[in-house]
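Participant: Build me a model:
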Amino acid sequence: MSAFAVAERTADAAPDASARSGGLSASLFAAARTGPQRTALRDSGDRVAWCGRPPITWTYAAAAEIVGRLARGIGAWRLPAGSRVGLWFSGGAESALAHLAVEAAGHLPCPMPALWDADQLSAGIASAGLVAVLTEGRRGARRPAEDLARAAMGHFGLRYLAAFGPGIPDGVISLDAMALERGIVEPVASLGLVTFAAGDPARPVYRSAAALAAAIEAHLDTLPVTADERILTLLPAHDLRGLVTGLGAALAVGASLETVIPFDEAGFRAGLMRPVPTRLVVPSLIEAALAAMPLPWTVRALNVIHRAPARAIVSAAPESPGARRLDSLVFDEDVVLTRPGGRDLAATLAHPDRAPLPRALLDLAILDPGDGLEGPLVYRGLACATAALPRGGIPELEVEAWRDSGCRPILSDGVVTGVETA
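Facilitator: Numbers count the residues shown, from 1 in each chain. The predicted model follows:
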């Protein structure tokens with residue numbers, strides 16, 4: 001395909017800015033209208049062994065249809081608008097469909113880490129004030145729907161439980177059956193979402209739809225994804241880093257999202273070799289192993305995700321030929337700071353005033369405490385606007401106020417090598 005044809009398809013498939021500001025589900029429906037047969041969601045790996053379900057490739061049209069049906073079913077629960085609905089998934093296409101359906105129904109999606117145990121699950125339900133939770137029947141050796149049913153006995157405010165897949169106990173609504181019912185609803189304007197700071201069930205954090213859209217736009221400012229690409233990610237979408245670099249980035253431009261969750265080397269290698277222009281998103285923990293694996297020519301960009309505090313943000317591994325390098329530093333549930341490579345990220349942290357950041361969305365500075373000391377990094381802007389979730393209602397977000405990251409640059413011979421707790 002010629003470069004002109006790719007550009008033309010990109011322009012046709014990408015949702016416009018007004019759709020992106022309406023939330024992730026609005027972006028999905030907009031892309032379904034302009035590029036209905038493009039691939040939206042796909043799972044890699046042995047899903048049958050993991051959850052007892054075959055892998056499905058979802059086009060934008062099919063994904064929008066199912067999200068609309070699920071949103072209609074969730075709407076029949078007669079919950080007040082803006083209710084807090086938990087999402088307890090390991091990741092993948094069904095996790096994305098559930099998130100989008102909850103948002104489209106006018107509620108607040110609250111994704112929760114799949115690794116939570118029973119006590120953490122119960123604590124998260126209580127602290128976020130969840131009135132419903134969507135999950136899955138099987139997750140490897142675990143049975144999340146059964147765990148959820150047991151947890152619900154201790155939470156009288158938890159009114160609805162629903163799950164995809166086999167092995168769903170009595171009292172849990174089948175999302176598969178809901179998806180088969182005819183009739184859809186168009187998405188309402190998104191109210192935002194709730195995630196959990198540091199994966200702590202006692203620390204729910206609210207982010208508006210506009211703030212999430214700004215975080216995605218700031219991430220894509222460094223190197224935009226094109227609609228002919230897929231994002232192949234090893235990160236679940238239960239936190240800011242997974243949502244921004246994965247589902248959010250894909251839906252913003254009408255690209256496809258393919259997930260390798262859980263990680264298995266055979267599934268990853270098979271998915272990697274698919275002949276599709278690819279942006280590969282990986283956590284920094286596997287970077288050393290990835291360096292020993294030659295990336296195929298289809299990988300246009302490698303996005304390595306670091307979590308602050310991070311001791312080393314500049315890789316010693318040589319860059320893969322043909323693949324652009326991106327490094328993202330994530331400050332909890334506040335910020336995804338993406339730069340074109342670890343050295344550029346280090347330079348940005350050393351001299352944020354000189355960095356070409358999208359300052360209308362995200363501004364960064366180093367606080368000067370005086371006495372020649374190196375102060376903590378601070379940030380402000382819509383892309384990092386969050387607030388602790390109160391018991392009831394939606395909090396106001398401070399956009400212009402500087403916020404302390406809790407970290408400061410690590411200097412070695414005058415060069416920033418990472419960030420540490422301040």
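
Participant: Can you pull the poorly scored residue ranges out of the stretch 1-150 of the chain?
Facilitator: Applying pLDDT under 70 to the stretch 1-150 of the chain flags the ranges 1-21.

Participant: those strands in it, which residues are they?
Facilitator: 39-43, 58-59, 84-88, 108-112, 132-136 (DSSP state E, counting those that start in this stretch).

Participant: Ala31: how many residues sit nearby?
Facilitator: 28 (other CB atoms under 10 Å). In short, each C-beta sits where N, CA and C put it, glycine included.

Participant: Not counting sequence-adjacent ones, nearest residue to it?
Facilitator: Sequence neighbours aside, Gly254 is the residue nearest to Ala31 in space, at 3.9 Å (criterion: CB to CB, 6 or more residues apart in numbering).

Participant: what does His238 give?
Facilitator: Closest residue in space to His238, ignoring its immediate chain neighbours: Pro111 at 4.1 Å, by CB to CB, 6+ apart.

Participant: Show me what the one you found is bridged to.
Facilitator: Under DSSP bridges, the beta-bridge partners of Pro111 are Leu87.

Participant: That one: what's it in contact with?
Facilitator: Pro111 makes contact with Gly86, Leu87, Phe89, Ser95, His99, Leu193, Val194, Thr195, Ala237, His238, Asp239, Leu243 under the criterion CB atoms under 8 Å, 6 or more residues apart in numbering.

Participant: pretty sure Gly35 contacts Tyr60?
Facilitator: Yes: taking CB atoms under 8 Å as the definition, Gly35 is a contact partner of Tyr60 at 5.8 Å.

Participant: Under the pLDDT cut-off, which ranges of the stretch 251-400 of the chain? List them.
Facilitator: Within the stretch 251-400 of the chain, the segments meeting pLDDT under 70 span 316-319, 369-373.

Participant: ok, which stretches of it are strands?
Facilitator: Counting by DSSP E, counting those that start in this stretch, one finds strands in the stretch 251-400 of the chain at the ranges 256-259, 278-283, 299-307, 324-331, 335-339, 363-366, 377-380, 387-388.

Participant: tally of neighbours for the closest residue in space to Gly137 that isn't next to it in sequence?
Facilitator: Leaving aside its sequence neighbours, Gly137 sits nearest to Gly165 (CB to CB, 6+ apart; 3.5 Å). The number of residues packed near Gly165 is 19, by other CB under 10 Å.

Participant: do Ala151 as well
Facilitator: Count around Ala151 with other CB under 10 Å applied: 22.

Participant: in the helix or strand harbouring it, what's buried?
Facilitator: Ala151 is part of helix 144-152 when elements are defined by DSSP states H and E. Buried positions in helix 144-152, judged by neighbour count with 16 or more other CB atoms under 10 Å: Pro144, Ala145, Glu146, Asp147, Leu148, Ala149, Ala151, Ala152.

Participant: Next, the contact list for the first one, please.
Facilitator: Spelled out, it's Pro144. Trp88, Ala114, Thr135, Glu136, Gly137, Arg138, Ala163.

Participant: The fourth one now?
Facilitator: With contacts defined as CB under 8 Å, 6+ apart, the neighbours of Asp147 are Ala118, Leu121.

Participant: follow-up on the earlier one: from the contacts of Pro111, which is closest to Ile216?
Facilitator: Closest approach between the contacts of Pro111 and Ile216, by CB to CB: Leu243, at 8.2 Å.

Participant: Next, the residue most central in space within the chain: phi, psi?
Facilitator: Residue closest to the average C-alpha location in the chain (CA atoms, centre = their mean): Leu243, at 1.1 Å. Leu243 adopts backbone torsions of phi -70, psi -40, taken as degrees, to the nearest 10.

Participant: Could you report the pLDDT at the nearest residue to it once chain neighbours are set aside?
Facilitator: Spatial nearest neighbour of Leu243, excluding adjacent residues (CB to CB, 6+ apart): Ala237 at 5.0 Å. You'll see Ala237 listed with a pLDDT of 93.

Participant: State the distance from Ala237 to Gly322.
Facilitator: Separation of Ala237 from Gly322 (CB to CB, to the nearest Å) stands at 28 Å.
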